[in-house]
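**Q** output the structure for:
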Amino acid sequence: MTVCIDNSQHTFIIDSCEHFSIVSREYLENHFPNWEKKLFPTKKKSFKSVSGKMKSISTILKEIIIHHRKDNIRLNPEFLVLEDSQIQGFLLGVDYQRMYGIDIQNSKNRHITIGTNKEFSFHLIYTIFLTKTL
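**A** Model prediction:
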């Protein structure tokens, strides 16, 4: 889905399998000048993924605006900044999905809801992310 961050459009992925909300260093460098000045100090950690280990740099807080026909929805998640991630956009993990009450419905018409108000429902568009060929 496309969302508004710092007055520009960005890719926003909702992943029901990833615990942490993440963004890659490369994506921040390409889209947000002076992003390093907005980092929060955190312990550096390593994470395992299908493509190998990933190292965290820090965390960054970004206000996300999701446009909806009824009203705009604002989220303020912290994203773990990963040194070597291939993700091109912001990935919202289960940590903030639980906090904001985001529910992914896999019914006939796939959609997500935010909070308990079913009027804030978004139809999902399937997106395929291609990575290196093995």
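**Q** give me the neighbour count for residue 38.
**A** Using other C-beta atoms under 10 Å, residue 38 is surrounded by 13 other residues. C-beta coordinates here come from the backbone N, C-alpha and C atoms, glycine included.
**Q** so what's it up against?
**A** 60, 61 (C-beta atoms under 8 Å, 6 or more residues apart in numbering).
**Q** mind redoing it with 6 Å?
**A** Taking C-beta atoms under 6 Å, 6 or more residues apart in numbering, we find residue 38 in contact with residue 60.
**Q** the lengthiest strand in the chain pairs with which strands, parallel or anti?
**A** In the chain, with assignment by DSSP state E, the single longest strand is strand 52-61. Here strand 52-61 has these sheet partners by DSSP bridges: strand 39-40 (antiparallel), strand 46-49 (antiparallel), strand 78-82 (antiparallel).
**Q** run through who's touching the following helix or strand past the last one.
**A** It stands for strand 78-82. As assigned by DSSP states H and E, the chain's next helix or strand after strand 78-82 is strand 90-92. For strand 90-92, contacts defined as C-beta under 6 Å, 6+ apart pick out 12, 13, 14, 15, 21, 22, 23.
**Q** I'd like the mean pLDDT over strand 90-92, please.
**A** Mean per-residue pLDDT for strand 90-92: 89.
**Q** how far away from the center of its chain is that strand?
**A** Here strand 90-92 is found 1 Å from its chain centre; the criterion is C-alpha atoms, centre = their mean, to the nearest Å.
**Q** partners of it, with directions?
**A** Strand 90-92 pairs in its sheet with strand 8-14 (parallel), strand 22-24 (antiparallel), by DSSP bridges.
**Q** quickly, which of these bottoms out on average pLDDT?
**A** Among the strands paired with strand 90-92, strand 8-14 scores lowest, with a mean of 87.
**Q** quick one on the thing from earlier: among the contacts of strand 90-92, which one lies nearest to residue 54?
**A** Minimum separation from residue 54 among the contacts of strand 90-92 (C-beta to C-beta) is found for residue 22, which lies at 8.4 Å.
**Q** find the nearest non-adjacent residue to the most centrally placed residue in the chain, please.
**A** The centre of the chain sits closest to residue 91, judged by C-alpha atoms, centre = their mean, with a distance of 2.3 Å. Excluding its sequence neighbours, the residue lying closest to residue 91 (C-beta to C-beta, 6 or more residues apart in numbering) is residue 13, at 4.5 Å.
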